[in-house]
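> My questions concern the predicted model and sequence given below.
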Amino acid sequence: MRFAPRMSSIQLSGIRKMFEMAGEGAVHLGLGEPDFNPPQEAIDAVCRAMREGKNSYQSTFGIKPLREAVAERLRRYWNEITWERVVITQSGSEALFSAIFSVVGEGDEVLLPDPGFVLYAPQVTLSGGRPVFYHLKKENSFRPDLGEMETLITDRTKAIVLNYPNNPTGGVIDEAVAEEIVDLARRHGLFIISDEVYDRIIYSRQHVSFLGRYERTILVNSFSKTLAMTGWRLGYMAGEKEIMERVALAHYHVLACPSTPLQYGALAAMEGEDDFVEMMMERFRRRREMVIEGLKRIPGFSLHPPGGAFYAFPSVNLVKDGKRLSSEEVAMELLKGGVITVPGSAFGEAGEGFLRLSFATSEDLLEEGLKRISSVVEELDR
Ligand SMILES: Cc1ncc(COP(=O)(O)O)c(C=O)c1O
């Protein structure tokens, strides 16, 4: 069988590999999803919509009341946002694909974070483009180095993908860095594709959005994380109207329109979003502290405390039989000890030497997971 050559350059992500190898009773610190159910009103609203016959195709751009609710939500970042500048998608992942596929042409280069979320590079490759990586370093609090970014820009560079709060590092940025990035993008005429799916999962400061800061921004967001509905597959894009009309074309030819009843569910959930987020954040704050304190006590682990999202991304220096273990080997040792984590290398070359631990799991499991990590490390000679 002969498949398209472009398919030979992409694979399933390294995160999946770890799950498939896990034994029964393993503590999952691998999953990037909240361990909560979506708000009950949302579930009721989906069922009601189905019963009321809201089961047909709707607008490619999403149902108007949901676009209005999203615009209202985004007004905290950009006062001028209106519902016409919002496109509802079938997940953040689909929004990313539609944005990248619309912007990136054959041979175009796109600046991507390394380490970074696993879908960016394959989506650029599938669009005919070439990923070029900028590095997020722990000593720079996982913020981009603007000097490095500038040196990576060529006349083929088309866009920069940004992701703050960041997966996998938990890094966040401030206003000054955002302005510097915008200045760079403007000077070189680049698109900014800003993946802000963790915008409300932030610990120490207000989220800094790229929306409304620069006219060539495509904001990508999702209902998955803030409303604990990862399996519903709903997200959105926002930006200038002309840009949205263009990216919605790609979105249309991929899926025609997002799921109708689920959009009614998301709409109902958005009314109580603030309370729901506060409930989750209270738990995430507690768990974040547990991980920070827990890892401090484990030799060989060094953590820059996450400013956002629900991931800890410690550097790990462990030795076995006189040899330093790679991050994949560390993850394998931990797996044998009954804890699922994700090796930093699953997120790019610069992730080597790190491990991603998700603390979107119950306090009990987190405590057990940390205990098991500690026992595995004790058994190793450092
Ligand atoms: C940084 C980032 N962007 C986008 C997504 C995609 O989210 P979804 O497709 O569930 O909306 C994720 C999910 O893990 C993520 O971590």
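All right, it came through fine.
> check contacts around the spatially closest residue to Tyr120 that is not a sequence neighbour.
The shortest distance from Tyr120 to any non-neighbouring residue, by Cβ to Cβ, 6 or more residues apart in numbering, is to Leu112 (4.7 Å). Any C-beta I mention is one placed from the backbone N, CA and C, and that applies to glycine too. Contacts here follow Cβ atoms under 8 Å, 6 or more residues apart in numbering; on that basis Leu112 touches 120-121, 124, 131-134, 161.
> Show me which of these is closest to Leu262.
Tyr120 (25.1 Å; Cβ to Cβ).
> Any figure for the gap between the closest one and Asp275?
32 Å (Cβ to Cβ, to the nearest Å).
> out of those two, which sits in the more crowded spot?
Between Tyr120 and Asp275, counted using other Cβ atoms under 10 Å, Tyr120 has the larger neighbour count: 24 against 10.
> Correct me if wrong: the more buried one contacts Ala159.
No. With contacts defined as Cβ atoms under 8 Å, Tyr120 does not count as touching Ala159, sitting 10.5 Å away.
> quick one: common contacting residues for these two?
In contact with both Tyr120 and Ala159: 100, 110, using Cβ under 8 Å, 6+ apart.
> Let's see which of the contacts of Leu112 end up in strands.
Members of those lying in strands (criterion: DSSP state E): 131-134, 161.
> from the residues you listed, which is closest to the ligand?
Of all those, Val161 has the smallest distance to the ligand: 9.8 Å, by Cβ to the nearest ligand atom.
> Which pLDDT value does the model give that closest one?
pLDDT, Val161: 98.
> got it, and Val376?
If you check Val376, the pLDDT there is 96.
> residue contacts, the closest residue to it other than its chain neighbours?
Computed as Cβ to Cβ, 6+ apart, the closest residue to Val376 that is not its neighbour in sequence is Gly337, at 3.7 Å. By Cβ under 8 Å, 6+ apart, Gly337 lies in contact with 372-373, 375-376, 379.
> quick one: which of these sit in strands?
Among these, no member is found in strands (DSSP E).
> What's the ChimeraX syntax to select whichever of the residues you listed are buried?
Per 16 or more other Cβ atoms under 10 Å, the buried members of the contacts of Gly337 correspond to this ChimeraX selection:
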select :372,373,376
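> and the contacts of Gly337 as TSV, adding distance to Gln40?
Listed next are these as TSV, based on distance: Cβ to Cβ, whole Å:
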residue	distance to Gln40
Arg372	34
Ile373	35
Ser375	39
Val376	39
Glu379	45
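> List just the nearest of the contacts of Gly337 to Ser204.
Ile373 (25.0 Å).
> just checking, the closest one touches Ile340?
No. Taking contacts as Cβ under 8 Å, Ile373 lies outside contact range of Ile340: 11.1 Å.
> Between these two, which contacts overlap?
Among the neighbours of Ile373, those also in contact with Ile340 (Cβ under 8 Å, 6+ apart) are Leu334.
> before we move on, back to that, do me a favour and get the backbone dihedrals for the residue nearest to Tyr120.
phi -130, psi 150 (degrees, to the nearest 10).
> What residues are bridge-paired with it?
Using DSSP bridges, the bridge partners assigned to Leu112 are Phe133.
> try Ser222
Gly235.
> pLDDT value on it, please?
Looking at Ser222, its pLDDT is 98.
> if we can go back for a sec, can I get the contacts of Gly337 in a markdown table with distance to the ligand?
Formatted as a markdown table, those follow (distance: Cβ to the nearest ligand atom, whole Å):
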| residue | distance to the ligand |
| --- | --- |
| Arg372 | 24 |
| Ile373 | 22 |
| Ser375 | 29 |
| Val376 | 26 |
| Glu379 | 32 |
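> nearest to Pro305, of the contacts of Gly337?
Ile373 (17.3 Å).
> what sits against that closest one?
298, 334, 337, 339, 341.
> Kindly report the same for Pro168.
Residues counted as contacts of Pro168 (Cβ under 8 Å, 6+ apart) are 115-117, 311, 313, 342, 344, 347, 351, 354, 356.
> from these, which two are the most distant?
The most widely separated members of the contacts of Pro168, counting by Cβ to Cβ, are Phe117 and Phe354 (14.6 Å).
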